[in-house]
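Novice: one predicted model, sequence on top.
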Amino acid sequence: MPAKVTPERLADMLDTGEEFVLLDTRPEESYEAWHVPGAEHFPFDAEESLSDGRTDDIDALLDGHDRIVTICAKGISSDHFADELGDAGYDDVAVVTGGMEAWSQVYETVPVPTEGRAQILQVQRRAKGCLGYVVADPVAGEAAVVDPTRHAAEFRAPAAERDWEITRVFDTHVHADHVSGGRKLAEELGVPYHLGAAARERGVEYEFEPLDRNEVVEVGDVQIKAVGAPGHTTEMVNYLVGDEALLTGDTLFVDSVGRTELEFGDDAAAEGARMQYESLHRTLLAEPDTVAVLPGHVDVNSEGEFSEGRPGEPVASTVGDLRTGLDLLGLSGDEFVERLTDADHEKPPNYEEVIAINLGIESVEADEATELEMGPNRCSA
């Protein structure tokens, strides 16, 4: 029986540079769309046998390495493949338990450097690039969670480890690429759940505590200000933590801005783009240059790599660096709208159903949510 490798262990192996060859057995379309960094493609299904002729192809992929790790969508065909490899004489073979489904649920908790009273943890969902936050006043022992995914334990655990009590939960907007865990986490803890006040007009069908533009709430003595930033969505709110960090959701990333057609549709995407331009230039870029920009996502390319930085390091920039260094922010209003509406990016998988779930129109079980969320986020323009 082949050895088992958890997806968390696989992450450690990649991060520390251990020598092995990862063979992905999924169909070509799935592999090309999204795979683990460094994975080699070797399609193999659960009913297939490993013929002698194909071992030459495997040896070519191994390139002198002895250690093989296999992965598929759910750990079924890769487990069978590992058995076939063992029968063919390959001695050092392991299987990633749960496959790409489990890989999509690996998280890192990364402290973000701060100078003031607030402490901020960035919770990275490394395969999808989702970024959520735990914002705390460590003196008061209180914390808030911003943009949690449905894997709520990944946000509760780092707060508990530091003896922080979570007293509020926030979402920046109605997400399109993953099922939010905000409402459920707030219900579990019996604490307020916040969205921007415009979420009522968006059609959210559950109770929440709305935040008006520039409304301030406190976590201990740390002030969190709701900064209206429509564009990516009509109800988008960013959160200014004290005077040093802006949690920008899908408004502003470290290398791009949020796309606008996921809510507005292709025909009205220009309307959202004009909103986005105004939010960026009249609101976000009006903040001091030193304010940290902490986005809600980082792009994960088809090779499974972060577009900026690497897992385990903060994904962050500053208002000043983005104002001078991000090409999109140097465009005129008309140029900006044209750039966003001319882009032909693939949409997030199942985004319409994910939006319906996050609006409260539909419900979903955990297994189904896993299927809906497969693949990287695609919220960037």
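Specialist: Perfect, thanks for sending it. Residues are numbered from 1 along each chain as shown.
Novice: can you map out the strands along the stretch 251-381 of the chain?
Specialist: Assigned by DSSP state E, counting those that start in this stretch, the stretch 251-381 of the chain shows strands spanning 292-295, 317-318.
Novice: pick the most buried one from those strands.
Specialist: strand 292-295 (a mean of 26; mean count of other C-beta atoms under 10 Å). Just so you know, the C-beta spots here come from the backbone N, C-alpha and C atoms, and that holds for glycine as well.
Novice: before we move on, the earlier item: turn the strands of the stretch 251-381 of the chain into CSV, columns for mean pLDDT.
Specialist: Output for these, formatted as CSV (pLDDT from 0 to 100):
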stretch, mean pLDDT
strand 292-295, 98
strand 317-318, 98
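Novice: want to throw those into TSV with distance to residue 365?
Specialist: TSV is the format used below for the strands of the stretch 251-381 of the chain (distance: least, C-beta to C-beta, whole Å):
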stretch	distance to residue 365
strand 292-295	29
strand 317-318	37
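Novice: so which of those gets nearest residue 360?
Specialist: In terms of C-beta to C-beta, the element of the strands of the stretch 251-381 of the chain nearest to residue 360 is strand 292-295, at 25.1 Å.
Novice: sheet-wise, list the partners of the closest one with their directions.
Specialist: Paired with strand 292-295 in the same sheet, following DSSP bridges, are strand 245-249 (parallel), strand 317-318 (antiparallel).
Novice: which residues in the stretch 151-300 of the chain form helices?
Specialist: For the stretch 151-300 of the chain, the helices defined by DSSP state H, counting those that start in this stretch occupy 153-161, 182-189, 199-202, 261-264, 269-278.
Novice: what about residue 224, how many residues nearby?
Specialist: When neighbours are counted by other C-beta atoms under 10 Å, residue 224 registers 24.
Novice: that one and residue 211 touch, don't they?
Specialist: No: the pair residue 224 / residue 211 is not scored as a contact, 9.1 Å apart, by C-beta atoms under 8 Å.
Novice: so residue 131 sits in a strand?
Specialist: Yes: looking at residue 131 with DSSP: H, G, I helix; E, B strand; the rest coil, it is inside a strand.
Novice: next up, the contacts around it.
Specialist: For residue 131, the contacting residues are 122, 123, 124, 125, 147, 294, 295, 296, 297, 298, 315, by C-beta atoms under 8 Å, 6 or more residues apart in numbering.
Novice: how about 6 Å then?
Specialist: Residue 131 sits next to 122, 124, 296, 297, 315 when contact means C-beta atoms under 6 Å, 6 or more residues apart in numbering.
Novice: if we can go back for a sec, the strands of the stretch 251-381 of the chain: which one's closest to residue 109?
Specialist: Taking C-beta to C-beta, strand 292-295 is the member of those nearest to residue 109, at 14.0 Å.
Novice: and that closest one, how far out from the chain's middle?
Specialist: Remark: strand 292-295 is offset 14 Å from the chain centroid, using C-alpha atoms, centre = their mean, to the nearest Å.
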